[in-house]
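J.: Model the structure of this input:
(4 chains)
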Number of protein chains: 2
Amino acid sequence: MKMNEGVEWAMHSCVNLSWIPGRAVTAKHLAAFYDLPTAYLNKQLQALARAGILTSTSGPKGGFQLARDPERISLLDIVVAIDGAEDAFRCREILKDGPGADPKADYVQICQISQAMRGAELTYRRELAGRTIAEIADRVVGANPAAPENVRRRFDNLKS
Amino acid sequence: MKMNEGVEWAMHSCVNLSWIPGRAVTAKHLAAFYDLPTAYLNKQLQALARAGILTSTSGPKGGFQLARDPERISLLDIVVAIDGAEDAFRCREILKDGPGADPKADYVQICQISQAMRGAELTYRRELAGRTIAEIADRVVGANPAAPENVRRRFDNLKS
DNA sequence: GAATCATTACTCGGATAGTAGATGTCCGAGTCTTTCAGG
DNA sequence: CCTGAAAGACTCGGACATCTACTATCCGAGTAATGATTC
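T.: Below you'll find the predicted structure:
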């Protein structure tokens, strides 16, 4: 089980975008920041845009920016946007193929194993839903107060 | 992100094995129970044996059985045995490729995103670690008291 | 000099290859059972 | 009748294909800026 690597890129990019409000930043610049493959990062940013986390504008002076306040963007939002909403553990209802099974019963709900796994994933998602981009950004500032200014300067330099 | 499908099979098989103590059950019989591909289930059972969850014996009258009490087999044990111990989210330390990074700093520990994701996975694993095969089996019995006897009879019939 | 229009350059967007990991299958090594020969 | 060994059959175990989905890339559609042209 391995999560889509783009999730990490997307989260870092969102934190950086939270420090550059009101301006569109191109995928190329966001990729250059961490030396990531531009086209592939662009794909992830597209997914965020489809999910309503970012807004995108085409053409010169175009790019991406946060679609809403970073306080209202949770880590779960990003994971769902890029990795999909489906659970990692997917009950195939193998009990249905067992002896004495009821063909029309919903074994996803009945099966104790399915319940336990779904319960664990629920706590996982709840945890991620409680963490926001704003909170992450704040903690980064706590460790390194110059971070936002450094990011802004960096993107300004890339502009020239 | 999709978990190895064999995890589901392995958990169901362990529950069934908990109702047939002291006797080896072949992969073929365990597979027939839910109409699963024998060779592939065998592969998963091997992984459980390597992890010390099952014991395996070769030859006629051979097969698999639980290596310890079902109270001491957690769902996490099975997930780790089959799906691996590595986290789903793997910090690639992309901050290291960012501007002004310290090449010898441990960004897995520093990075706030990495911390948040690891924290969420930790709660997930803690949840699974708290659930045992015995508990699952008990709940199944609660809903269907005849289940263990049905399973035993089923395997006896396959014997003949 | 101002306005309009065509050009141009730049960006996102989705369609298209390449690759790693999961899924599925097969045959060999080892072992227990069974059988048969000998004492 | 008992003992021992050899043959046989059954099971796990790991090595070998296949297939899905993640990773990576490329080119086209659309858009805003820009410059030239005309009034």
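
J.: how close does the residue minimising distance to the centre of chain A get to residue A:3?
T.: Closest to where the C-alpha atoms of chain A average out (Cα atoms, centre = their mean) is residue A:78, at 1.9 Å. Counting by Cβ to Cβ, to the nearest Å, the separation of residue A:78 from residue A:3 is 11 Å. Placement of C-beta: from N, CA and C, glycine included.

J.: Run through who's touching stretch A:119-129.
T.: A:74-76, A:79, A:87-89, B:75, B:116-117, B:119-121, B:123-124, B:127-128, B:131 (Cβ atoms under 8 Å, 6 or more residues apart in numbering or on different chains).

J.: Three-state assignment for residue A:36, please.
T.: coil (DSSP: H, G, I helix; E, B strand; the rest coil).

J.: what's the neighbour count on it?
T.: Counted by other Cβ atoms under 10 Å in any protein chain shown, the residues lying close to residue A:36 total 23.

J.: measure it to residue A:19 for me?
T.: In terms of Cβ to Cβ, residue A:36 sits 18 Å off from residue A:19.

J.: just residue A:58 next, same as before
T.: The spacing between residue A:58 and residue A:19, counted by Cβ to Cβ, is 23 Å.

J.: any idea how far the spatially closest residue to residue A:143 that is not a sequence neighbour lies from DNA strand D?
T.: Using Cβ to Cβ, 6 or more residues apart in numbering or on different chains and skipping residues adjacent in sequence, the residue nearest residue A:143 is residue B:110, 7.4 Å away. As for residue B:110, its distance to DNA strand D is 22 Å (criterion: Cβ to the nearest atom of the strand, to the nearest Å).

J.: Tell me where the model's unsure across chain A.
T.: When residues are selected by pLDDT under 70, those of chain A lie in A:159-160.

J.: Please enumerate the strands of it.
T.: Assigned by DSSP state E, chain A shows strands spanning A:54-57, A:63-66.

J.: can you put the ones you listed in TSV and add distance to DNA strand C?
T.: Listed next are these as TSV, based on distance: least, Cβ to the nearest atom of the strand, whole Å:
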stretch	distance to DNA strand C
strand A:54-57	4
strand A:63-66	4
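
J.: Give me whichever of the ones you listed is most buried.
T.: Most buried of these by mean neighbour count (mean count of other Cβ atoms under 10 Å in any protein chain shown) is strand A:63-66; its value is a mean of 20.

J.: and the closest residue to residue A:117 other than its chain neighbours, what does it touch?
T.: Spatial nearest neighbour of residue A:117, excluding adjacent residues (Cβ to Cβ, 6+ apart): residue A:89 at 4.1 Å. By Cβ under 8 Å, 6+ apart, the contact set of residue A:89 is A:114, A:117, A:118, A:121, B:3, B:7, B:8.

J.: you'd agree the last one is up against residue A:88?
T.: It refers to residue B:8. No. The pair residue B:8 / residue A:88 is not scored as a contact, 11.5 Å apart, by Cβ atoms under 8 Å.
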